[in-house]
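J.: Sequence and predicted structure, then a few things I'm wondering about:
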Amino acid sequence: MPSPLKEELLKSFQPKQIIDLRDSAWVDFPLDKNISQELINQVENIKDQFEEIIFIDDGYLLIQQPKSTSHLGIVNYALVNDHVNLTNLNPFLGNQSRSIRFYAVNELYKYKLSCFQIIGDAVKVAGINPGSIPKEKEIDILEKSGIEFYCYKLVVASLIAGYFDMKVIGILET
């Protein structure tokens with residue numbers, strides 16, 4: 001049974017557009033190159049059908065009082081409007097079949113949605129290596145940069161979508 005968030009999204013989007021990075025299929029993404037390649041293939045297969053893709057990931061608060069969350073039931077959500085990639089991961093590095101390794105991801109995120117109510121502004125997120133937890137000094141630096149949340153998978157997945165010129169609707173469940 002889909003979560004309340006997925007049910008709401010399915011009213012406006014096709015199932016192929018919605019990728020929940022918390023599902024078991026993506027448990028080792030982005031560290032496992034084979035799973036990263038599966039996501040690359042999945043995004044490449046829909047890029048001509050849709051202008052946008054939705055990635056859902058767990059989001060973790062850097063600060064105690066977030067300014068930008070939405071309530072759907074008892075779960076909080078935040079839409080992403082920008083990211084900082086601190087993972088040192090690029091799913092295209094070492095992939096000889098791809099000619100472009102570094103590409104512009106300006107205005108990658110689409111964060112104005114009418115399908116459910118968002119309270120406050122969309123957030124800037126830091127993508128960090130899976131399993132890592134920012135230390136106090138790192139949190140201070142990130143907070144000064146306006147970053148409220150961190151996540152493990154959404155940023156690297158968004159880079160894949162950006163490679164294929166797709167807009168990303170990034171949703172963090174907090």
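T.: Arrived safely. Quick caveat, the model's predicted, so the values are computed rather than measured. Numbers count the residues shown, from 1 in each chain.
J.: So which residues of this structure form strands?
T.: Along the chain, the segments classed as strands by DSSP state E run 18-20, 52-58, 60-61, 70-72, 75-85, 123-127, 147-151, 167-173.
J.: Run the angle between the fifth one and strand 52-58 for me.
T.: Here strand 75-85 runs at an angle of 110 degrees relative to strand 52-58 (axes from the mean of the first three to the mean of the last three C-alpha atoms, to 10 degrees).
J.: sorry, back to before: with distance to residue 111, mean neighbour count and mean pLDDT as new columns, can the strands of the chain be given to me in a markdown table?
T.: For every residue, glycine as well, the C-beta is placed using N, CA and C. Listed next are the strands of the chain as a markdown table, based on distance: least, C-beta to C-beta, whole Å; neighbours: other C-beta atoms under 10 Å; pLDDT from 0 to 100:
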| stretch | distance to residue 111 | mean neighbour count | mean pLDDT |
| --- | --- | --- | --- |
| strand 18-20 | 16 | 20 | 95 |
| strand 52-58 | 11 | 22 | 95 |
| strand 60-61 | 18 | 16 | 90 |
| strand 70-72 | 11 | 15 | 46 |
| strand 75-85 | 4 | 20 | 85 |
| strand 123-127 | 9 | 24 | 92 |
| strand 147-151 | 13 | 24 | 92 |
| strand 167-173 | 7 | 23 | 92 |
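J.: any chance of the ones you listed in a markdown table, plus distance to residue 45?
T.: As requested, the strands of the chain are exported to a markdown table (distance: least, C-beta to C-beta, whole Å):
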| stretch | distance to residue 45 |
| --- | --- |
| strand 18-20 | 12 |
| strand 52-58 | 11 |
| strand 60-61 | 30 |
| strand 70-72 | 29 |
| strand 75-85 | 23 |
| strand 123-127 | 24 |
| strand 147-151 | 24 |
| strand 167-173 | 16 |
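J.: Residue 34 is nearest to which of these?
T.: strand 18-20 (16.6 Å; C-beta to C-beta).
J.: who does the closest one touch, helix- and strand-wise?
T.: Contacts defined by 3 or more C-beta pairs under 8 Å, 6 or more residues apart in numbering; DSSP states H and E place strand 18-20 against helix 4-9, strand 52-58.
J.: 10 Å - rerun?
T.: With contacts defined as 3 or more C-beta pairs under 10 Å, 6 or more residues apart in numbering; DSSP states H and E, strand 18-20 has these neighbours: helix 4-9, helix 33-46, strand 52-58, helix 154-163, strand 167-173.
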